[in-house]
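S.K.: show me how the following folds:
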Amino acid sequence: MFKLVLKYFSKILIFYHIINYNTAESQYPVFKHHFKQFTFFTKQFGYSNLIITFAVYYFTNTAMININNISFSYGNVPVLKNITMQLEEGRIYGLLGENGVGKTTLLSLLCGLKKVEKGSIDIDGYSPFERRPSFLEMEYFLADEVAQMPLTAEKFAAEYGKFRSRFDMGKFLEIMEIFENDPKKMLNKMSFGQVKKTYIAFALACNCKYLFMDEPTNGLDIPSKAQFRKAVTKYTSEDSTLLISTHQVRDLENIIDPIIILDRQDVLLNASIAEIADKLTFDYSNVKNPDALYSEMTPGGSVQVYMNTDDEESKVNIEALFNTVHLHKELIKGLFRK
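M.R.: Model (predicted):
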């Protein structure tokens, strides 16, 4: 009976991937990932409890990016050590950390430009460094540095869009309009900020399931940062996952959720805004709290962070959160341990 259940489940999965991607072979890693997960849960609950098995499988299988105990070094200099975390689909993650902790390196590992020295990365059943064509269709990495090519923005999008089956020129032009960027202008005649906005428009128009952005608001002026937030909010689909590395948290404060705070040898925090507000209170009054974990005077007043013991509702201040986490690493890790 057990083998029969697995047999029919495998057929259902193969059929699903055939009708969605036109080829079962290219989606074999995805099938293998789900098949292993379902097999595990079936063994846990038994084939006689199929309803429970399917329910547990469905509700616990939301993590599409699994980073398991990875390490990476540049020569003899360790950058990442024993990093573990999971990312769910349909979220816009903010990746924060001090300079040099490995944010850019992590993004490079996730998109397969670098190979982990230890541990593993699983994205929808794929190992990124294998660089399978079906995986590359799913992801896009927007680097901090962009090339000012001797092409018009529209020509650039048309040429490079040929390698992206889901690229939408109409969407690209719409986003360029939001950015107030002329698609007929040569990239090498644009300012750095204008070129950056062209690349952002292209990245969003590729309609990838996984989009990794490294410091996308670097080089953008204040109006452009507002345009960036509008474009990301409007043109990111519900099943896409964005991971945005930034040190300019105020630029993205209203769109990133959950928040990841990375350290060289640990993930200090990986939690949603709701989870953070449930555990911590952000107090903007001028009444000093003796139990504050962190306090700071700002031009607009003060902000204090302390444990939320009274179910208070408060607006999360990401800069204050970042400083609190670094002052109380072990406390915060224990508080948000899942």
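
S.K.: at the geometric centre of the protein, which residue sits there?
M.R.: Centroid check for the chain by CA atoms, centre = their mean gives Leu243 as the closest residue, at 2.2 Å.

S.K.: state the helix or strand in which that one lies.
M.R.: Applying DSSP states H and E as the criterion places Leu243 in strand 241-245.

S.K.: need the next SSE after that strand, C-terminal direction.
M.R.: Following strand 241-245 in sequence, per DSSP H and E, is helix 249-252.

S.K.: in that following helix, what counts as buried?
M.R.: Val249, Asp251, Leu252 (16 or more other CB atoms under 10 Å). C-beta here means a position set from N, CA and C on the backbone, and glycine is covered the same way.

S.K.: for it, name the packing helices and strands.
M.R.: strand 92-96, helix 222-235, helix 318-327 (3 or more CB pairs under 8 Å, 6 or more residues apart in numbering; DSSP states H and E).

S.K.: and the second one, how far out from the chain middle?
M.R.: Translated: helix 222-235. 17 Å (CA atoms, centre = their mean, to the nearest Å).

S.K.: before we move on, what about the shortest one?
M.R.: Between the mean C-alpha location of strand 92-96 and the chain-wide mean there is a distance of 6 Å, by CA atoms, centre = their mean.

S.K.: tell me the helix or strand right after it.
M.R.: Next in line after strand 92-96, if elements are assigned by DSSP H and E, sits helix 103-110.

S.K.: that next one packs against which elements?
M.R.: strand 63-74, strand 77-88, strand 92-96, strand 118-123, strand 139-142, strand 210-214, strand 241-245.

S.K.: go again using 10 Å as the cut-off
M.R.: strand 63-74, strand 77-88, strand 92-96, strand 118-123, strand 139-142, strand 210-214, strand 241-245, strand 259-263 (3 or more CB pairs under 10 Å, 6 or more residues apart in numbering; DSSP states H and E).

S.K.: keeping just the C-alphas, turn the third one into PDB.
M.R.: So the one you mean is strand 92-96. Taking Å, rounded to 0.1, in the frame of the first residue of the first chain, the C-alpha atoms of strand 92-96 are listed here in PDB:
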ATOM      1  CA  ILE A  92      10.100  40.400   0.100                       C
ATOM      2  CA  TYR A  93      13.000  39.800   2.400                       C
ATOM      3  CA  GLY A  94      15.300  42.500   3.600                       C
ATOM      4  CA  LEU A  95      18.900  41.200   4.100                       C
ATOM      5  CA  LEU A  96      20.800  43.400   6.600                       C
END
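
S.K.: next, the angle strand 77-88 makes with it.
M.R.: Taking axes from the mean of the first three to the mean of the last three CA atoms, to 10 degrees, one finds strand 92-96 and strand 77-88 inclined to each other by 160 degrees.

S.K.: so what's the gap between stretch 292-310 and the chain middle?
M.R.: 28 Å.

S.K.: one more: stretch 89-98?
M.R.: So, by CA atoms, centre = their mean, the centroid of stretch 89-98 is 5 Å from its chain's centroid.

S.K.: start and end of that stretch, how far apart?
M.R.: 26 Å (CA to CA, to the nearest Å).

S.K.: and stretch 182-194, what's buried?
M.R.: Asp182, Pro183, Lys185, Leu187, Met190, Gly193, Gln194.

S.K.: next: stretch 252-266.
M.R.: Leu252, Glu253, Ile255, Ile256, Asp257, Pro258, Ile259, Ile260, Ile261, Leu262, Asp263, Asp266.

S.K.: how about the strand holding Leu243 as CSV, C-alpha atoms only?
M.R.: Extracted in CSV, the C-alpha atoms of strand 241-245 (Å, rounded to 0.1, in the frame of the first residue of the first chain):
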residue,chain,number,x,y,z
THR,A,241,10.4,35.8,-3.6
LEU,A,242,12.7,38.8,-3.4
LEU,A,243,15.8,39.0,-1.3
ILE,A,244,17.1,42.6,-1.1
SER,A,245,20.5,43.3,0.5
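
S.K.: sketch out the low-pLDDT regions of the chain for me.
M.R.: 1-63, 299-300, 338 (pLDDT under 70).

S.K.: sweet, I'm off.
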